[in-house]
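K.L.:
I need the structure of the sequence given here:
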Amino acid sequence: MSEVKGEYRREEELFQGIRDLLESDRRQTPIVVMCLDLCAKLVRKNRDYGDSAFKEPLLLPGMPSHAAILVRMSDKIERLRNLFLGGKMLVDESCEDTVHDLAGYCILLALQMQRERD
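P.N.:
Residues are numbered from 1 along each chain as shown. The predicted structure is shown next:
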């Protein structure tokens, strides 16, 4: 139970830190808004995918989770490259959507690395 209280306290400190930052410098608001939007999307997608980023890939048993996340990131970078080079895409996903997905994978990778370290 104390671990849960510690996490709650950490969350409150983070939120208070953001409030303090915004009170002192409103120019940072777009960054905070984008991060919160990204957070909401990431949580929804992670829930929809059943937390799969942290599981061993079904088709590649034995591949560590962090390696599987890196593969997903590589796919997103390849997609960005194609979009910036003017390639025609069959899937309706903008550069911005792809960048958001890549940012989400960076967060998931950081969490997985933290899990492996702890």
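K.L.:
now stretch 25-40: mean pLDDT?
P.N.:
On average, the pLDDT along stretch 25-40 is 94.
K.L.:
ok, now which ones touch the residue nearest the centre of the chain?
P.N.:
The centroid of the chain falls nearest to G104 when counting by CA atoms, centre = their mean (1.9 Å). Taking CB atoms under 8 Å, 6 or more residues apart in numbering, we find G104 in contact with L38, K41, L42, K45. Using the backbone N, CA and C atoms, a C-beta is placed for each residue, glycine as well.
K.L.:
Low-confidence regions, the protein specifically.
P.N.:
Segments of the chain classed as low confidence (criterion: pLDDT under 70) are 1-6, 87-90.
K.L.:
ranges for the helices of it?
P.N.:
Assigned by DSSP state H, the chain shows helices spanning 2-24, 29-48, 65-84, 95-117.
K.L.:
Please dump those helices into TSV; it should also carry distance to E56 for every row.
P.N.:
Shown next, in TSV, are the helices of the chain (distance: least, CB to CB, whole Å):
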stretch	distance to E56
helix 2-24	26
helix 29-48	16
helix 65-84	7
helix 95-117	12
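K.L.:
Just the buried ones from the contacts of G104, in PyMOL syntax?
P.N.:
Remark: buried members of those, expressed as a PyMOL selection using 16 or more other CB atoms under 10 Å:
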select buried, resi 38+42
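K.L.:
in stretch 35-53, what counts as buried?
P.N.:
Result for stretch 35-53 [16+ other CB under 10 Å]: buried residues L38, L42, N46, S52, A53.
K.L.:
Return the member of those nearest to I31.
P.N.:
Set against I31, the nearest of these by CB to CB is L38 (10.5 Å).
K.L.:
so what's A53 up against?
P.N.:
For A53, the contact set (CB under 8 Å, 6+ apart) comprises N46, S65, A68, I69, R72, Y105, L108, Q112.
K.L.:
Could you pull up the residues touching the second one?
P.N.:
S65 is in contact with A53, F54, K55, E56, Q112, counting by CB under 8 Å, 6+ apart.
K.L.:
Mark which of the residues you listed are buried, thanks.
P.N.:
Neighbour counting over these (16+ other CB under 10 Å) leaves A53, Q112 as the buried ones.
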